[in-house]
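[1] Sequence and predicted structure below; questions after.
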Amino acid sequence: VSMNKDSKAYWKGKLFQAEFKGPDGKPQLASNWTMRVSHGGLQRKITLPSPNQVEAAELAVRFYRTLKRSGSWETAEVAIGRSPALPGANCSVGDWIKGVSELNILSPRTLGTYTYALRWFAREHLGASGAKSRFDGRGGGAKEWHAKLDSVSMIDLSPERIQRIVDAYVHRSAGNPIERRRAAVSVRSFVRNARAMFGKGILKRLPCAITPTPFTGVDLPDTGPLRYISSLNIDTIMATAREELREAKPALWMAFLLGFTVGLRRGEIDSLTWTQVRFDKGSIWVRVSERFEAKSDGSENEIFVDESIMSELKWWQSHPDCKSEYVLPGRSKMPLTYSDYRCDKTVFDPLLKWLRKNGDDEQKPIQTLRKEFGSFIAANGDIHVAQNQLRHSQISTTASYYAENRRRIAPKLPVPELQVLNPPKEAK
């Protein structure tokens with residue numbers, strides 16, 4: 001006997017609980033019930049706000065009738081008790097980004113980082129690389145590109161689809177172990193940042209109608225050991241930097257020192273002001289200000305600086321080219337976007353070229369300066385000193401990158417006694 005879609009009996013038999021992978025990797029069922037419904041050539045999965053199957057069937061009838069009558073997915077969602085201000089079960093990537101943005105609980109830079117990661121998955125889902133015009137912020141190319149990515153339905157970014165994207169991205173570099181590790185590190189970062197768009201603090205304020213959320217239970221690829229292995233000759237690059245940069249390009253020389261001998265991150269160098277340089281104590285104080293937001297609570301700390309570096313800072317402070325409250329020259333106002341820095345054109349771009357020319361072929365040469373700093377501190381001090389100077393919140397982070405075997409023990413080749421006592425005679 002066929003049943004009418006306006007009946008609870010019909011929907012009770014059609015409802016299902018979505019399955020997703022839990023934190024332990026085992027399949028779990030969502031608590032609320034879900035319906036599949038088609039309208040206007042589109043089929044959607046609508047998670048109903050009830051764990052009770054009978055009540056969920058009533059809501060399904062109400063949703064279906066309202067959708068058929070009004071033709072509006074949003075109106076139908078309001079009919080089952082969802083706020084029109086909240087992204088519904090059929091929301092797009094752009095809808096969710098807009099909703100999170102309007103909560104005003106993330107800094108512009110953090111929101112930008114999370115947004116970029118979520119759009120990256122939308123791009124991979126579409127299999128689109130985009131034209132060069134996607135970088136055109138003034139001509140409208142970037143806006144068109146973002147609109148394309150933002151149109152992707154959140155339902156399409158299911159945990160299963162996200163997992164396939166992650167696995168496929170790493171598999172592209174399977175033939176090259178180094179490239180595979182880089183891909184694994186990158187995609188882990190994308191997952192963590194995009195997943196943060198669905199964190200507890202956000203979902204408490206912006207309930208997500210999609211269950212499970214896109215990144216629930218997604219397995220991250222193994223990166224293997226991430227310990228930093230220095231590829232630079234410290235003495236050589238320091239001498240070269242002093243010779244080529246100090247007099248000719250003093251701002252680049254100071255940026256080099258702040259990364260290489262103080263261990264500051266790029267954003268910290270960019271926003272550093274003279275009030276943070278404590279000449280009387282021989283230290284630099286990294287702290288949150290109107291111009292800067294620390295990466296984490298642990299990032300706010302005092303960094304002890306060698307006397308020779310403090311002398312260079314004093315020399316630079318009195319230099320004719322140093323005319324700002326900031327240590328390095330750049331735009332007068334701090335940018336708010338996640339990818340833009342105040343000193344990009346004046347300092348960072350030319351410094352990147354110089355570093356690459358002098359043997360730093362890493363993806364992020366300025367970050368390599370900080371890694372060299374950490375490697376030096378760990379080798380000449382101990383892991384606890386390195387943690388403090390690098391301002392890592394957890395010592396495990398420091399250990400994973402910089403811990404080395406303190407005792408170097410290995411088999412050696414024995415010296416043949418006869419050969420020592422009776423050295424070979426010179427040929428006549």
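    Yep, that arrived. Residues are numbered from 1 along each chain as shown.

[2] what's the closest non-adjacent residue to residue 163?
    Spatial nearest neighbour of residue 163, excluding adjacent residues (Cβ to Cβ, 6 or more residues apart in numbering): residue 218 at 5.3 Å. For every residue, glycine as well, the C-beta is placed using N, CA and C.

[3] Can you list phi and psi of that neighbour for me?
    Residue 218 adopts backbone torsions of phi -70, psi 130, taken as degrees, to the nearest 10.

[4] surely it meets residue 165?
    No. At 9.2 Å, residue 218 does not count as touching residue 165 under the criterion of Cβ atoms under 8 Å.

[5] thinking again about what came up before, number of residues surrounding the residue nearest to residue 163?
    When counting by other Cβ atoms under 10 Å, one arrives at 19 neighbours for residue 218.

[6] Pull the contacting residues for it.
    Counting by Cβ atoms under 8 Å, 6 or more residues apart in numbering, residue 218 makes contact with 21, 159, 162-163, 166, 191, 195.

[7] 6 Å instead, please
    159, 162-163, 191 (Cβ atoms under 6 Å, 6 or more residues apart in numbering).

[8] which residues of the stretch 201-350 of the chain fall in helices?
    Per DSSP state H, counting those that start in this stretch, the stretch 201-350 of the chain carries helices over the ranges 234-245, 250-260, 266-271, 307-317, 349-357.

[9] for this protein, where's the lowest mean pLDDT among helices and strands?
    Every helix and strand of the chain was ranked by mean pLDDT, DSSP states H and E. The lowest is helix 417-421, at a mean of 48.

[10] residue ranges with poor pLDDT in the stretch 201-350 of the chain?
    For the stretch 201-350 of the chain, applying pLDDT under 70 flags the ranges 209, 225-230, 288-299, 333-339.

[11] Now do the strands in it.
    In the stretch 201-350 of the chain, the strands defined using DSSP state E, counting those that start in this stretch lie at 277-278, 283-286, 301-304.

[12] Among the contacts of residue 218, which one lies nearest to residue 153?
    Nearest to residue 153 among these: residue 162, at 13.5 Å, using Cβ to Cβ.

[13] pLDDT value on that closest one, please?
    Confidence at residue 162, expressed as pLDDT, is 95.

[14] quick one: it from residue 29, how far?
    Per Cβ to Cβ, to the nearest Å, residue 162 is found 19 Å from residue 29.

[15] Looks like residue 346 contacts residue 329 (just checking).
    Yes. The pair residue 346 / residue 329 is scored as a contact, 4.9 Å apart, by Cβ atoms under 6 Å.

[16] Sketch out the strands for the stretch 1-150 of the chain, chain order is fine.
    Applying DSSP E, counting those that start in this stretch to the stretch 1-150 of the chain gives strands spanning 19-21, 27-29, 34-39, 42-47.

[17] could you dump these to a markdown table with mean pLDDT, mean neighbour count and distance to residue 73?
    A markdown table is the format used below for those (pLDDT from 0 to 100; neighbours: other Cβ atoms under 10 Å; distance: least, Cβ to Cβ, whole Å):
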| stretch | mean pLDDT | mean neighbour count | distance to residue 73 |
| --- | --- | --- | --- |
| strand 19-21 | 66 | 16 | 23 |
| strand 27-29 | 76 | 13 | 25 |
| strand 34-39 | 89 | 16 | 7 |
| strand 42-47 | 80 | 17 | 7 |
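
[18] Dump these to TSV, plus distance to residue 101.
    Formatted as TSV, these follow (distance: least, Cβ to Cβ, whole Å):
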stretch	distance to residue 101
strand 19-21	26
strand 27-29	30
strand 34-39	27
strand 42-47	23
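
[19] between those strands, which one is nearest to residue 356?
    strand 19-21 (41.6 Å).

[20] so which helix or strand takes in the residue nearest the centre of the chain?
    Residue closest to the average C-alpha location in the chain (Cα atoms, centre = their mean): residue 189, at 4.6 Å. In the assignment (DSSP states H and E), residue 189 maps to helix 177-195.

[21] quick one: average pLDDT of that helix?
    Averaged across helix 177-195, the pLDDT comes to 92.

[22] could you say what helices and strands that helix packs with?
    Using 3 or more Cβ pairs under 6 Å, 6 or more residues apart in numbering; DSSP states H and E, the elements in contact with helix 177-195 are helix 108-126, helix 159-171.

[23] May I see the ones you listed arranged in JSON lines, with mean neighbour count as well?
    Output for the helices and strands packed on helix 177-195, formatted as JSON lines (neighbours: other Cβ atoms under 10 Å):
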{"stretch": "helix 108-126", "mean neighbour count": "19"}
{"stretch": "helix 159-171", "mean neighbour count": "17"}
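
[24] Tell me which of those helices sits nearest to residue 276.
    Closest approach to residue 276 among these (Cβ to Cβ): helix 108-126, 18.7 Å.

[25] what about the closest one, average pLDDT?
    92.

[26] what's the angle from that helix to helix 159-171?
    90 degrees (axes from the mean of the first three to the mean of the last three Cα atoms, to 10 degrees).

[27] Packing partners of helix 108-126?
    Packing partners of helix 108-126 (3+ Cβ pairs under 6 Å, 6+ apart): helix 141-150, helix 177-195.

[28] one more time with 8 Å
    Using 3 or more Cβ pairs under 8 Å, 6 or more residues apart in numbering; DSSP states H and E, the elements in contact with helix 108-126 are helix 93-101, helix 141-150, helix 159-171, helix 177-195.

[29] among the ones you listed, which is the most enclosed?
    helix 93-101 (a mean of 20; mean count of other Cβ atoms under 10 Å).

[30] which ones are touching residue 352?
    By Cβ under 8 Å, 6+ apart, the neighbours of residue 352 are 365-366.

[31] let's go with 6 Å and repeat that
    Residue 352 is in contact with residue 365, counting by Cβ under 6 Å, 6+ apart.

[32] now it: how far from residue 360?
    Counting by Cβ to Cβ - residue 352 and residue 360 are separated by 9 Å.

[33] repeat for residue 200
    Going from residue 200 to residue 360 by Cβ to Cβ gives 39 Å.

[34] These two: which is more packed in?
    Between residue 200 and residue 360, residue 360 has the larger neighbour count (other Cβ under 10 Å), namely 19 against 7.

[35] For that one, which residues are in contact?
    Residue 360 makes contact with residue 368 under the criterion Cβ under 6 Å, 6+ apart.

[36] same thing but at 7 Å, please
    The neighbourhood of residue 360, defined by Cβ atoms under 7 Å, 6 or more residues apart in numbering, consists of 232, 368.
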